[in-house]
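Q: Structure for this input, please:
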Amino acid sequence: MTTSTPATAPKTGIRVIVVGTGFAGLTAAIECHRQGHSVVVLEKFPERKELGDIISFGQNSSRIFRRWPGVADKIEPLSHRANSLQIKTWDGHALLRQEWAKETENWGKRYDGHRGELHGVMLDHAEKDLGIDVRLGHRVVQYYETDDGAAVDVEVVVDGKKETKRIEGDVVLAADGVRSLGRTLVLGHEDKPLASGYAVYRAWFDGSEIAQDPLTSFFYNNPDGDQHICWIGPDVHFIAASLKKGSFSWVCTHKDVADIDESWQLEAPVADARKVLEGWEPVVQRILDLTPEPLIDWKLVYRDPLPTWISPKRRIALIGDAAHPFLPTSIQGASQAVEDGVTLGVTLRKAGSAANVPEAVAAFEALRYERVRAAQKTGETTRDTWHQADLEAIKANPESMRLKREAWVLGHDAEAYAEEHYDATVAVLRRTGLQDLTEARQLNVPDMSPNVKVRND
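A: Numbering: from 1, shown residues only. Got it, this is the predicted structure:
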């Protein structure tokens, strides 16, 4: 059994509106409820669907899940449990096997699984276990703020007709993704996402044929648990993973020059991936043979770091991808979204009242900004290492391909950090009337030294 903390803190009277039921939005809702705030969650989609493929939660977020009664026990059997990551060249030359035992010993378990399945566990916890007010079919079409509060206009369908109504609160958390409408209010102008130059073919399917084929059966018929293999080629990498419960997934990051406005995600034939992976080792070819149509071709979005994540009156905060989209090579996008929600739950409670919400929102950004940017850079570094590598050079020095697993990221406890550093951060913010966050951000630059104190629970 997992350990848990008490369900909720005393009521604060702070009314929180969360826009979006992705991992950032759900974490913010759960943590704000847990910290004693009143929460309503608005989601544009009219019904629940288990969509997506593999997603990773590092130890810095998995420790949060273990504080939610019963959640970790439900996530555990859904999770991928590989003991290592094998890294090979495109033609099958083995480079290294990166074992995860030390990482688990240092920082605890991580959770990797199907995005839709893990999301369903979190949504059930919010709605069924905690009774949080989650309203599907509520599309936010406008954000507002005043000195005393914040609001959104939502579009709903009633008796077949669209109606618009206003929902008011003390703070709005915009977890509405990389194309966030809330970002326009925060920045004062529309900020369109840009193509990063890469896209990802993605597939998740029943692995029974993979398990039966002589060339690929080792993914399942082995004593070492789930398998996780990464092949690296010229400006391409292909990662395949099996789950003992029967699922199989793969992702292929490839060059893409189409403009982001042309499509956010496309269905693509497996033949498109074959062109990218032509000549790669036979195991990769057989995986493609056994992959059902169609693939998803997901464009990787790039944007320069936003100058701020919070609105002028400090009543609206961008969180998750709305504030800071991550490259998948960071393996931290979902975890940093979780940290955002946890931090806001704490800062709003520490602020103590609706009148002090602007202070809490400013403190949230100051506590998180430099840490998130440093974590984003890890994805850029890994992408460049894998995609710009000289294959002969990495055969000579395979250790250069090892994924960095660092204490300052994985050992971080966002809740404990916010509790410990809130007062000092706010003291700095008050000197500028919450307007200049530079000094307060610098107060929270992460310590990336090898001997940084880590968390293992």
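
Q: Could you list the buried residues of the helix or strand containing A273?
A: Taking DSSP states H and E as the criterion, the element that holds A273 is helix 270-276. Under the neighbour-count criterion of 16 or more other CB atoms under 10 Å, helix 270-276 has 270, 272-273, 276 buried. The C-beta positions use only the backbone N, C-alpha and C, and glycine is treated the same way.

Q: Show me which positions of the helix or strand following that helix end up buried.
A: Counting by DSSP H and E, the next helix or strand C-terminal to helix 270-276 is helix 282-289. Within helix 282-289, the residues that count as buried by 16+ other CB under 10 Å are 283-284, 286-288.

Q: Ramachandran coordinates for L300?
A: Phi and psi for L300, reported as degrees, to the nearest 10, are phi -80, psi 120.

Q: Tally up the residues packed near it, please.
A: 21 (other CB atoms under 10 Å).

Q: wait, isn't it in contact with Y201?
A: No. Assessed by CB atoms under 8 Å, L300 is found out of contact with Y201, at 11.6 Å.

Q: Need the overlap of contacts for those two.
A: Residues touching both L300 and Y201 (CB atoms under 8 Å, 6 or more residues apart in numbering): none.

Q: and R139, how many neighbours?
A: Using other CB under 10 Å, the number of residues around R139 comes to 20.

Q: Quickly note the distance from it to K102.
A: R139 sits 46 Å away from K102, going by CB to CB, to the nearest Å.

Q: With V154 as the reference, measure out to K162.
A: Applying CB to CB, the value for K162 to V154 is 11 Å.

Q: can you list the domains in this structure?
A: As recorded under automatic domain parsing, the domains making up the chain are 15-81+113-191+304-388+404-442, 194-302.

Q: of those, which approaches T89 most closely?
A: Closest to T89 of those, according to CB to CB: domain 194-302, at 5.9 Å.

Q: Check the average confidence over that closest one, would you?
A: Mean pLDDT, domain 194-302: 88.

Q: can you map out the helices along the stretch 351-457 of the chain?
A: Residue ranges of the helices in the stretch 351-457 of the chain, as given by DSSP state H, counting those that start in this stretch, are 357-387, 391-396, 407-410, 414-431, 438-442.

Q: chain center to the longest one: distance?
A: In this view, helix 357-387 has its centroid 12 Å away from the chain centroid, taken as CA atoms, centre = their mean, to the nearest Å.

Q: mind listing what the most centrally placed residue in the chain touches?
A: For the chain, A334 is the residue whose C-alpha lies nearest the centre (CA atoms, centre = their mean; 1.4 Å). Applying CB under 8 Å, 6+ apart to A334 gives the contacts 23, 55-57, 61.

Q: can you redo those as a markdown table with neighbour count, secondary structure and pLDDT?
A: A markdown table is the format used below for these (neighbours: other CB atoms under 10 Å; DSSP: H, G, I helix; E, B strand; the rest coil; pLDDT from 0 to 100):
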| residue | neighbour count | secondary structure | pLDDT |
| --- | --- | --- | --- |
| F23 | 26 | helix | 95 |
| I55 | 20 | strand | 86 |
| S56 | 20 | strand | 88 |
| F57 | 25 | strand | 93 |
| S61 | 25 | helix | 95 |
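
Q: Nearest to V39 among the residues you listed?
A: Set against V39, the nearest of those by CB to CB is F23 (15.7 Å).
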